[in-house]
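*Asks:* Next come a sequence and a model predicted from it.
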Amino acid sequence: MLQKIQDMLNEVENLEAHSAEEIEALRIKYLSKKGSIAALMNDFRTVPAEQKKEVGIKINELKTRAFDKINSLRAAFAQTDTDDSDIDITRTAYPTPLGTRHPLTIVKNEIVDIFSRLGFSLAEGPEVEDDWHVFGSMNFADDHPARDMQDTFFIEARPDVILRTHTSSVQSRVMEHTQPPIRVICPGRVYRNEAISARAHCFFHQVEGLYVDREVSFTDLKQVLLLFAREMFGENTQIRLRPSYFPFTEPSAEMDISCNICGGKGCSFCKHTGWVEILGCGMVDPAVLELNGIDPTIYKGYAFGMGVERITNLKYQVKDLRMFSENDMRFLKEFEAAN
Ligand code: PHE
């Protein structure tokens, strides 16, 4: 009997298997109710009393070894089975919720993308600026109302330091370091001292563009803006330019697009005019070129500037500007699909 057990122990130690089925077959052969170890247990009754202790210990040892062996075959097999698959063992165990891009970022990226396809490169600059880059270099007269405390955030201890009210300051920074041809797009956050409401906020986002070269005309500006409007709002979009005024452009215009909600027929969104305003633009005033170190007798330029919130409102009909900065997950989640 002892010899039989010892033989089976050796057998068990040398077991091999190449598939889950083979392992299961071994389990049945040795460990099931009708398996060979159970058969030995049956024979145990016939063992003489003085040998029972020794044989009992051996049978138990055999049982444990067989159990362990089959389990280790199973574990080894499970490992080889998945080893060469692309399972990432460094991944966190639980699904981590992914964030989504903010709607303003989605729209800003789209604007930047359209203009970069037209050859504009990206320029960024500081939000905390000096008076020169925001106003002085942009041809604002010393007593221009935009410099007034009502529009601009000043820093008490340093009257020269302000929060930029537009990203034209970045255009100025580009011009002071670069000679034409210049083709830049300047996205960024800007600040104005306004009471917060559904229609106004003390900060918002702009994308401004600047093009300076030898032969630049208003026609170029109009064509680029038409292309932009159609890329952004669809190929049937119409544009119209209305005369306007900015200290840094001459002539200046404001651009409307045919209302993308009613298609120009007139609705409450466009106040039944069929048009909605989206940006300001114009030919760079020669005085601005001169102030920024570019010879206006050789070069000309155009510039435009738009509010990202405005464009986002038009695209997604967000009625209340405050939604953009309240971090309400229910609102932000609605833009998941646009990411
Ligand atoms: N800087 C202007 C603003 O902030 C926008 C603008 C840029 C207008 C360039 C014309 C040309 O309102």
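*Replies:* Sure, I can see it.

*Asks:* all contacts plus neighbour counts: C-alpha atoms, from now on.
*Replies:* Noted.

*Asks:* Show me where this structure has its helices.
*Replies:* Counting by DSSP state H, the chain forms helices over residues 2-13, 20-31, 36-43, 52-83, 103-117, 131-134, 168-177, 218-233, 286-291, 308-316, 329-333, given from the N-terminal end onward.

*Asks:* Enumerate every residue touching Ile298.
*Replies:* Listed by Cα atoms under 8 Å, 6 or more residues apart in numbering, the contact partners of Ile298 are Arg214.

*Asks:* measure it to the ligand for me?
*Replies:* Counting by Cα to the nearest ligand atom, to the nearest Å, the separation of Ile298 from the ligand is 20 Å.

*Asks:* Report pLDDT for that residue.
*Replies:* Looking at Ile298, its pLDDT stands at 98.

*Asks:* So is stretch 162-169 next to the ligand?
*Replies:* Yes: when contact is scored as Cα under 6 Å from any ligand atom, part of stretch 162-169 falls within range of the ligand: His166, Ser168.

*Asks:* Can you give the contact residues for that stretch?
*Replies:* For stretch 162-169, the surrounding residues in contact (Cα under 8 Å, 6+ apart) are 125, 127-131, 133-135, 138, 151-155, 186-192, 206-208.

*Asks:* among those, which are within reach of the ligand?
*Replies:* The residues of these that also fall near the ligand, by Cα under 6 Å from any ligand atom, are Glu208.

*Asks:* want to throw the helices of the chain into TSV with mean neighbour count and mean pLDDT?
*Replies:* Below are these laid out as TSV (neighbours: other Cα atoms under 10 Å; pLDDT from 0 to 100):
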stretch	mean neighbour count	mean pLDDT
helix 2-13	14	88
helix 20-31	16	88
helix 36-43	14	86
helix 52-83	15	82
helix 103-117	17	97
helix 131-134	20	94
helix 168-177	22	97
helix 218-233	16	97
helix 286-291	19	98
helix 308-316	18	92
helix 329-333	13	90
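
*Asks:* Got the phi and psi for the residue of the stretch 51-200 of the chain found nearest the ligand?
*Replies:* For the stretch 51-200 of the chain and the ligand, the shortest gap (Cα to the nearest ligand atom) falls at His166, measuring 4.4 Å. Note on His166: its backbone torsions stand at phi -160, psi 160 [degrees, to the nearest 10].

*Asks:* Just the pLDDT at it, thanks.
*Replies:* Model confidence at His166, given as pLDDT, is 95.

*Asks:* Return the distance of it relative to Ala303.
*Replies:* From His166 over to Ala303 the distance is 13 Å, taken as Cα to Cα, to the nearest Å.

*Asks:* sorry, back to before: of the helices of the chain, which is nearest Val161?
*Replies:* Taking Cα to Cα as the criterion, helix 131-134 is the member of the helices of the chain that comes nearest to Val161, at 6.4 Å.
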